[in-house]
Structures are given as C-alpha cells and as structure tokens.
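K.L.:
Fold the following, please.
(4 chains)
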There are 2 protein chains.
Amino acid sequence: MKYSKKDRQKLLLETLEKNPFVTDENLAFTFHVSVQTIRLDRMELSIPELRERIKSVAAHNFGEEVKSLPIDEVIGEIIDIDLDKQAISILDITKEHVFARNGIARGHHLFAQANSLAVAVINDDLALTRKSTLTFVKPVKAGDRVVAKAIVINSDAKKNSTLIEVTSKVENETVFVGQFSMYRVTMS
Amino acid sequence: MKYSKKDRQKLLLETLEKNPFVTDENLAFTFHVSVQTIRLDRMELSIPELRERIKSVAAHNFGEEVKSLPIDEVIGEIIDIDLDKQAISILDITKEHVFARNGIARGHHLFAQANSLAVAVINDDLALTRKSTLTFVKPVKAGDRVVAKAIVINSDAKKNSTLIEVTSKVENETVFVGQFSMYRVTMS
DNA sequence: CTGATATTAGTACCAAGTGCTAAAATGGTG
DNA sequence: CACCATTTTAGCACTTGGTACTAATATCAG
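P.N.:
Residues are numbered from 1 along each chain as shown, chains lettered A, B, ... in the order given. I've put the predicted structure just below:
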C-alpha cells in the first residue's frame, strides 16, 4: 500500500522526528519507494542527511549542559536576615533552571533556595535538615523572581530541634511552601 | 614540539572527552603527527571513529527509554529504569556537594536526585512535583555513593496523580526517604 | 650498529550520502 | 484514448571520514 507523495512526506517528517537515526535505505524500504524518492523528499522538506541529523542531536545536548546546583552555601541571594527569627532570599529563575520541554522550573531549585535559607536562618554551627514537607503550589517559569521567606516557628533547645516554615512567592503569589524540621548543634 | 607517545595518547583522550566532534585529520594537525599515527593511537586506546563517537553522544541524549525528561536533566546517573514501575540512579557525592564546614552533603542534592528520578520514572510528557515529604535519615559524606530507588506506589489516571516513594541508600543503609506526589499529563 | 618501537605512506574498500542527467511510470484532463 | 505534467526510479561520478592491511622509514636505547 503506497502513500501519496504528500502523506509520505508528512509521515517522513514524523518518523524522523521520533527517530532521526534512520538511513535513506531504511526509509525507502519502510515506505516501499526507492532510495532516490526518499532523497527527493528530503530535499523538498529540507531534511539533512543522516549524519547531519545525528550530529545536530549530539551537538544540541552537548552544548546544553544543565547547570547543577551551585557550590555556594546559599542558593539565592539573602536580602534580609534576623537570626533565629526570619530571613528572606531572592532567586531569579533563568532558562537554566527550567525543563527545556515546558519551561517550568525544576523542583529542586525551589527546594534548594528554601532549604538553604532554612539553614542560614539558624544561628548555630551545625544545622541539618531532618524532615521536610513541601508543596509546589504553582509552576514557576523562566524569568520569574522567587522571593522566599523563612520564619522560625519554634525552637526546642532540649531536642536540638527547630521548625521553620518557608513560603516562596512570585509577584506576591505563593508558589511554594515548605516546612523544615532542622537539627541544630552549637559547637565549641 | 612533539609529545611522547604516552603524553600524546593521554592528551588525545582528554581532548576527545572534552570535544568528541574532532576528525582524525584535525587531531593529526593539532598534535603535529600524521593521520595514521592518530588512527594507531585510537586503536590502542580503543576510541571509536568520529561518527561512532557522535552517534553515541546523540544516542545517549536521545535515550529512547526516558520520555519525561532528557537523560542529562536527571541529577545522578540512571542505571535502571522500568517506566511507571521503578527506577534506580546513583550519585557520587564529592566535596562540591557537601558543606565545607562539616563535610555533610547538603539536602538539596539528595532531594534533586530523588526528585528527578521520580520525574524520570513517569511515562508521560509532563511530570511535576505537587507535594513531597522528606526524611533525611542519616548524614551523607563526601565519597559516598548514593543509590536512589524510586518505586511507583500508585497511579490514579483520573486525578492525573502518581505517588512515588524514593529510598536512597549508601552501602545498603538508608540515608534518605522521600514521598512524592506527582502531577502528570500526557500530551498529544 | 642493530633491533625494537614508533611513525608515516599508500592502497583498496565501505557507508551514507550529494549532484547531476535521463529514462520510465503514473495520473488527471480534455 | 491521447497527451503532458508530475512523480518515481536508475545510474554514474564524487565526497567524507573513516577501516584494514602492507610496507617503508624514523627514532631511540642498549
């Protein structure tokens, strides 16, 4: 069953979209036409040859190295801090923080900002996250400026434990809420 | 200034590691040797030819199995995946992942590994974290190899919701547990 | 100096193409 | 049905970036 030229070219595009690693010979076989026809089709649709297709796939992802979480102690920029009471940080979301596919910020960046703010607000030598509950209220997009505010809910000195709530907002709209139960110790 | 064979081969490896898109001719020129020498070097080091190198980079990134997320957007290395069922990734903790102060891995790296694994295991076009509860059971140190295993607990198609539990272990000892409630949509 | 190691040269061949010309098949319209 | 345009197929020379193999030189170490 042969397709019309139009249909075949449409299918060709879809096929190569799904899997660019197919030779003309292979395509010719699957579409029951000659290799030359496939070549003509590629010309008309300006689809590059196999090697170029592969190269572009490779180059694309090779250049687009996803930024891992930075080394700084705090993710985001602290703009206000009142030790053991509250702190505020801002993080500008760029295209490096989002999924290429849908432009939505990856959860761990919001978590990282909130968590490191929770660590920073604690006035102790050692602060570790013990437990946390997170709610991603609303998707954050590239270009958004996320303002995170950490509030110390309570501090139980005996248990070496502190409860902190972090609320992150974009243009005054809550996008993320996290409760952090922190373990803390003063050394010396 | 010619290098010794040993030095040249070492540099060759590094060069191609950084940029696999280089022809033998090009390499011959930069190392001031003949093309044949480069080929011999590649044989000895069992480095595949340009096209195969490019193909493997492309194939790697075009990971046919992982749909939700391009493979290099995953924090850690996925070593096994059974879509909608379970997945395993490993992350080697280096000094860049830990607090300089105490050598303990910062929570967001463990979260990032677990969360991105939860996203990857979902066989859908869009997967976002809605809520999560985390427990940091035991501190992780530089040098530790964290093995995270994500298990899909249930999938409610009507609610577009999936519950995933991720358990991370170091040398078979649980260091982190996270429950992720994920929002998922199939596009088309 | 000699032998081993390293390097270069040259040939035939391959895959997956491009670019070009030309013939054959097919299809729609009067 | 015939005719002309579109579509498809065929064939050939040439290209890149190699492999596989053989053979000739360089280079160095003892």
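K.L.:
make it CA atoms for all contacts and neighbour counts henceforth
P.N.:
OK.
K.L.:
How about residue A:78, nearest residue that isn't a chain neighbour?
P.N.:
Leaving aside its sequence neighbours, residue A:78 sits nearest to residue A:89 (Cα to Cα, 6 or more residues apart in numbering or on different chains; 4.0 Å).
K.L.:
After the one helix or strand the one you found maps to, which helix or strand is next?
P.N.:
When elements are defined using DSSP states H and E, residue A:89 is found to belong to strand A:86-92. For strand A:86-92, the following helix or strand on the C-terminal side (DSSP H and E) is helix A:107-121.
K.L.:
Now whatever helix or strand residue A:78 lives in: buried residues?
P.N.:
Counting by DSSP H and E, the element that carries residue A:78 is strand A:77-82. Within strand A:77-82, the residues that count as buried by 16 or more other Cα atoms under 10 Å in any protein chain shown are A:78, A:81.
K.L.:
other SSEs contacting it?
P.N.:
Contact here means 3 or more Cα pairs under 8 Å, 6 or more residues apart in numbering or on different chains; DSSP states H and E; on that basis strand A:77-82 packs against strand A:86-92, helix A:107-121.
K.L.:
domain ranges for chain A?
P.N.:
For chain A, automatic domain parsing gives the domain ranges A:5-63, A:77-185.
K.L.:
measure the longest one end to end?
P.N.:
Using Cα to Cα, to the nearest Å, the gap from the first to the last residue of domain A:77-185 comes to 25 Å.
K.L.:
pLDDT on it, on average?
P.N.:
Domain A:77-185 comes out with an average pLDDT of 88.
K.L.:
Any chance of the helices and strands packed on strand A:77-82 in a markdown table with distance to DNA strand D and mean neighbour count as columns?
P.N.:
Output for the helices and strands packed on strand A:77-82, formatted as a markdown table (distance: least, Cα to the nearest atom of the strand, whole Å; neighbours: other Cα atoms under 10 Å in any protein chain shown):
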| stretch | distance to DNA strand D | mean neighbour count |
| --- | --- | --- |
| strand A:86-92 | 41 | 20 |
| helix A:107-121 | 39 | 25 |
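K.L.:
what are the ranges of the strands in chain A?
P.N.:
Under the criterion DSSP state E, chain A contains strands at A:77-82, A:86-92, A:126-136, A:145-156, A:161-170, A:173-185.
K.L.:
Would you mind pulling the contact partners of the strand holding residue A:78?
P.N.:
Residues outside strand A:77-82 that contact it (Cα atoms under 8 Å, 6 or more residues apart in numbering or on different chains): A:87-91, A:117, A:121.
K.L.:
again, 7 Å this time
P.N.:
The list of residues contacting strand A:77-82 from outside it, by Cα atoms under 7 Å, 6 or more residues apart in numbering or on different chains, reads A:87-91, A:121.
K.L.:
when you check DNA strand C, which of the residues you listed turn up near it?
P.N.:
Among the contacts of strand A:77-82, not one lies near DNA strand C by Cα under 7 Å from any atom of the strand.
K.L.:
Point out the residues in chain A that sit beside chain B.
P.N.:
A:54-55, A:57-58, A:61, A:66, A:71, A:107-108, A:111-112, A:129-136 (Cα under 7 Å from any Cα of the partner chain).
K.L.:
Export the helices and strands packed on strand A:77-82 to TSV and append columns for distance to residue A:18.
P.N.:
Below are the helices and strands packed on strand A:77-82 laid out as TSV (distance: least, Cα to Cα, whole Å):
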stretch	distance to residue A:18
strand A:86-92	34
helix A:107-121	28
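K.L.:
For the nearest residue to residue A:122 once chain neighbours are set aside, which residues are in contact?
P.N.:
Excluding the flanking residues, the one nearest residue A:122 by Cα to Cα, 6+ apart is residue A:84, at 5.2 Å. By Cα under 7 Å, 6+ apart, the residues touching residue A:84 are A:121-123, A:152.
K.L.:
for residue A:161, same thing?
P.N.:
So residue A:161 contacts A:155, A:181-184 (Cα under 7 Å, 6+ apart).
K.L.:
Show me what from chain A comes close to DNA strand D.
P.N.:
A:4-5, A:32-37, A:40.
K.L.:
Using neighbour counts, give me the buried entries of these.
P.N.:
The neighbour count (16+ other Cα under 10 Å) marks A:35, A:37 as buried among those.
K.L.:
Identify, from the residues of chain A next to DNA strand D, the entry nearest to residue B:9.
P.N.:
Nearest to residue B:9, judged by Cα to Cα, of the residues of chain A next to DNA strand D is residue A:35 at 41.1 Å.
K.L.:
Let me see the confidence value for the nearest residue to that closest one once chain neighbours are set aside.
P.N.:
Closest residue in space to residue A:35, ignoring its immediate chain neighbours: residue A:28 at 5.1 Å, by Cα to Cα, 6+ apart. Here the pLDDT value assigned to residue A:28 is 94.
K.L.:
Surely residue A:28 touches residue A:39?
P.N.:
No. Assessed by Cα atoms under 7 Å, residue A:28 is found out of contact with residue A:39, at 9.1 Å.
K.L.:
Of the two, give the one with the bigger neighbour count.
P.N.:
Counted by other Cα atoms under 10 Å in any protein chain shown, residue A:28 and residue A:39 do not tie: residue A:39 has more neighbours, with 19 against 16.
K.L.:
do you know how far the nearest residue to the more buried one once chain neighbours are set aside is from DNA strand D?
P.N.:
Excluding the flanking residues, the one nearest residue A:39 by Cα to Cα, 6+ apart is residue A:24, at 7.0 Å. With distances taken as Cα to the nearest atom of the strand, to the nearest Å, residue A:24 is found 12 Å from DNA strand D.
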